[in-house]
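Asker: How does the following fold in three dimensions:
(one chain, ligands or ions: 2)
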Amino acid sequence: MIAVEKAKEILSDNARRGKTIKLPIAQTLGLVTAEDIYSPCDVPNFDNSAMDGYAIKWDEGNNRRKLNLSVSGKAGSGQIPQLSPDQAFRIFTGAPMPAGSDTVIPQEYVESSADELTFEIDRFKKGSNVRLQGNQNNKGDLILKSESKITPGTIGLLASVGITEVPVYAPPSIAVVVTGDELKEIGEKLAYGEIYNSNGPTLQAYLKHLGVESSKVYKVKDDAESLGMLVKDLLSQYDILLFSGGISVGDYDFVKEALYANRVEELFYKIKQRPGKPLFAGKTENQLVFALPGNPASVINCFNQYVKPMIKHWMGHSDVWASSAYLPTANSFEKKPPLTFFLKGQITPEGVRILGGQESFNLISFGVCDVFVEIPEEMCTVEEGTLLKVYYW
Ligand code: AMP
Ligand code: MG
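Answerer: Residues are numbered from 1 along each chain as shown. Ligands and ions are numbered 1, 2, ... in the order given. Model (predicted):
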């Protein structure tokens, strides 16, 4: 049995990165860039107006200027009209500046008659309200660094320079295997002694949330032979295998044997923590395998503390092990065993409240839980106001 920090260290030494693939930008939300991205063009691509108003040629000397309002041209789509110094051109936001003009007077600052326009010149200066070509970036500029998370905003940035495909780290393909003779699917009727498979939907929801599209849930009986065959089959198809249940010391816990039999190398088994002590982590040459203890709160905790960071690293994220924040506790808590506890907590104005219902089978507090609160192995009494690491889950 190893300490939480040791387990994280071992995993971090064995973390893998996905291959680089190119995807259409619409499919990259939440993924991470695998290369620096350079702009193929200037943005803006032409000098244009930042306001609805009038394009003019600046003249320093004139305090109050009266100009002939040219009605012949609205500076807009495509054509660039030519402006003489005594003319003003009606112009709208984003439209190209007429040749010979350099300044835009917003319409709310002018008095205009049918063919003449007057404005106070001291409110403005040469170049006011004009977005110059290349103001955002020039052709060839670095616009997004490698290992940046792609957000709706960065998709906008990439589209604004006309990029169609982005090199990103490919998410891993993941098989989720739920084990247990007692498991039924939602929609089925429970016989005495049976329970619903909640870990399958939980893990699949997490994977979807992380941007792992190619995951599939398999269900297998507590039977050594079926498990062995399934493991062999899945190792030929997936990058990461996630098991739920069957990893404790019960008579029906066959997962570890099935993994050993298929030459999965153990990284560790059992962590000094609650919930989720009997966590198994292993690897093959190119794959990772996690076997999570079956209790639902153990699954959620183990996934968050160990599996999620490894998947995020695979997908190119950095800082994957950091806690979300340190928060003071809003209540006190006593713990006896020398284990690290990860407790469901709710964020309140007074700090993080450690919730009731912390048993590993108990999911009820997830309805109000905001974070997992980490109580270090050596801490027995948590006084109200103790600063502790918390993790969004
Ligand atoms: P195990 O680790 O297989 O001994 O399972 C520990 C506890 O978790 C038992 O009470 C199981 O019934 C329960 N459990 C196992 N798998 C699931 C699952 N997929 N969904 C909900 N509970 C489960
Ligand atoms: Mg079981």
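
Asker: For stretch 37-47, buried residues please.
Answerer: Using 16 or more other C-beta atoms under 10 Å as the test for burial, stretch 37-47 gives 37, 39, 42-44, 47. Yep, even glycine has a C-beta here, placed from its N, CA and C like the rest.

Asker: Give the single residue among the residues you listed positioned nearest to residue 263.
Answerer: Nearest to residue 263 among those: residue 37, at 40.1 Å, using C-beta to C-beta.

Asker: mind listing what the closest one touches?
Answerer: Neighbouring residues of residue 37 by C-beta atoms under 8 Å, 6 or more residues apart in numbering: 142-145, 158, 163, 166-167.

Asker: Show me where the stretch 101-250 of the chain dips below the pLDDT cut-off.
Answerer: 114 (pLDDT under 70).

Asker: Would you mind listing what in it touches ligand 1?
Answerer: Contact residues (C-beta under 6 Å from any ligand atom) of the stretch 101-250 of the chain with ligand 1: 178, 180, 182-183, 195, 197-200, 244-248, 250.

Asker: In the stretch 151-300 of the chain, mark out all the strands, start to finish.
Answerer: All strands of the stretch 151-300 of the chain, identified by DSSP state E, counting those that start in this stretch, fall at 165-169, 174-179, 183-184, 195-196, 215-220, 240-244, 265-269, 273-274, 280-283, 288-292.

Asker: Present these as CSV; the columns should include mean neighbour count and distance to residue 55.
Answerer: Listed next are these as CSV, based on neighbours: other C-beta atoms under 10 Å; distance: least, C-beta to C-beta, whole Å:
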stretch, mean neighbour count, distance to residue 55
strand 165-169, 20, 37
strand 174-179, 25, 57
strand 183-184, 18, 71
strand 195-196, 14, 68
strand 215-220, 18, 55
strand 240-244, 28, 58
strand 265-269, 15, 67
strand 273-274, 22, 67
strand 280-283, 21, 65
strand 288-292, 26, 60
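
Asker: before we move on, back to that, who wins on neighbours among the contacts of residue 37?
Answerer: When these are compared by neighbour count (other C-beta atoms under 10 Å), residue 166 ends up highest, at 23 neighbours.

Asker: what's the distance between the closest residue to ligand 1 within the chain and residue 158?
Answerer: At 2.6 Å from ligand 1, residue 294 is the closest residue in the chain, using C-beta to the nearest ligand atom. Distance, residue 294 to residue 158, by C-beta to C-beta, to the nearest Å: 43 Å.

Asker: do residue 98 as well
Answerer: 31 Å.

Asker: swap in residue 4?
Answerer: Per C-beta to C-beta, residue 4 is found 39 Å from residue 158.

Asker: Leaving out the residues flanking it, which one is nearest to residue 129?
Answerer: Among residues not flanking residue 129 along the chain, residue 104 sits closest, at 3.8 Å (C-beta to C-beta, 6 or more residues apart in numbering).

Asker: again, but for residue 45
Answerer: Once flanking residues are discounted, residue 45 sits nearest to residue 133: 6.6 Å by C-beta to C-beta, 6+ apart.

Asker: Next, that neighbour: phi, psi?
Answerer: Dihedral pair for residue 133: phi -50, psi 130, per degrees, to the nearest 10.

Asker: so who does it touch?
Answerer: For residue 133, the contact set (C-beta under 8 Å, 6+ apart) comprises 42, 44-47.

Asker: how is this protein carved up into domains?
Answerer: Following automatic domain parsing, one finds the domains of the chain at 4-18+171-314, 20-41+137-169, 48-131, 325-392.
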